[in-house]
Each structure stands twice: as C-alpha cells, then as structure tokens.
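Q: Below are the sequence and a predicted model for it; my questions follow.
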Amino acid sequence: MGKLAALQKSIDQVADKVRHLRYILILLMSSIIGVVFGVSQKSIAENILTNTLLILGTMIFVLIGIMIKKEEDKRNKLIKELETTKD
C-alpha cells in the first residue's frame with residue numbers, strides 16, 4: 001500500500017469516527033431535551049436523579065463536542081498532508 005492510499009484510508013477512518021460521534025451527540029442532545037420537556041410538563045418528577053442525569057448529560061455533550069473538534073482537526077491535517085504528498 002502506497003503512502004497516498006494509507007493517507008486516504010486514515011482520512012476515511014477519522015471521517016467515520018467523526019460521523020459516529022455526531023450520531024452520539026444528536027442522541028444525547030435529544031435525550032437531554034426529552035428529559036427537560038418531561039420535567040417542564042410535570043410528567044417526570046424533578047429530583048436529585050433527574051438533575052444528576054441532566055448535569056452528566058451536559059458534561060458528556062461538551063466532552064463529545066471537544067472530541068469531534070479534535071478529530072476534525074486531525075482529518076484536516078491529514079488532508080493537507082495528502083495534498084502536499086500529491087505534488
């Protein structure tokens with residue numbers, strides 16, 4: 001496998017990881033919104049458990065956002081390396 005093929009494969013792997021992280025981010029965001037809506041409609045009791053879930057969900061949401069940013073930076077770096085290798 002040549003260097004160009006290896007770089008392309010690495011870019012594809014990083015892109016797949018970013019895609020999966022975005023799916024997890026959307027899932028987490030919708031679950032947080034669902035819990036907040038349930039609490040606002042009084043169908044879910046507001047207690048220490050729901051507050052803890054909301055806080056942990058928000059922290060994980062931010063963490064996944066940071067992970068996505070790092071992976072996108074890695075993908076952009078690999079793309080630039082691929083462009084310089086082609087020349």
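A: Perfect, I can see it now.
Q: Using the three-state scheme, assign Ala45.
A: coil (DSSP: H, G, I helix; E, B strand; the rest coil).
Q: Tell me how many other residues surround it.
A: Neighbour count for Ala45, taken as other Cβ atoms under 10 Å: 9. Where C-beta positions appear, they are placed from N, C-alpha and C, glycine not excepted.
Q: which stretches of this structure form helices?
A: Applying DSSP state H to the chain gives helices spanning 3-40, 48-86.
Q: Output these in TSV, with mean pLDDT and mean neighbour count appended to each entry.
A: Below are these laid out as TSV (pLDDT from 0 to 100; neighbours: other Cβ atoms under 10 Å):
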stretch	mean pLDDT	mean neighbour count
helix 3-40	94	13
helix 48-86	94	13
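Q: Quick test: name the residue nearest the centre of the chain.
A: The C-alpha lying nearest the average C-alpha coordinate of the chain belongs to Leu21 (Cα atoms, centre = their mean; 3.2 Å).
Q: distance of that residue from Gln41?
A: In this view, Leu21 and Gln41 are 30 Å apart by Cβ to Cβ, to the nearest Å.
Q: which residues touch the residue lying closest to Ile64 once chain neighbours are set aside?
A: Once flanking residues are discounted, Ile64 sits nearest to Leu25: 5.0 Å by Cβ to Cβ, 6 or more residues apart in numbering. Applying Cβ atoms under 8 Å, 6 or more residues apart in numbering, we find Leu25 in contact with 61, 64-65, 68.
Q: Can you tell me which of those is nearest Lys17?
A: Nearest to Lys17 out of the contacts of Leu25 is Ile68 (Cβ to Cβ; 9.0 Å).
Q: surely the closest one meets Tyr23?
A: No: at 10.8 Å, Ile68 and Tyr23 do not qualify as touching, with contact defined as Cβ atoms under 8 Å.
Q: Quick check: chain neighbours aside, which residue is closest to the residue nearest to the centre of the chain?
A: Ile68 (4.9 Å).
Q: tell me the contacts of the one you found?
A: 18, 21-22, 25.
Q: tell me the two of these that are most distant?
A: Val18 and Leu25 (10.2 Å).
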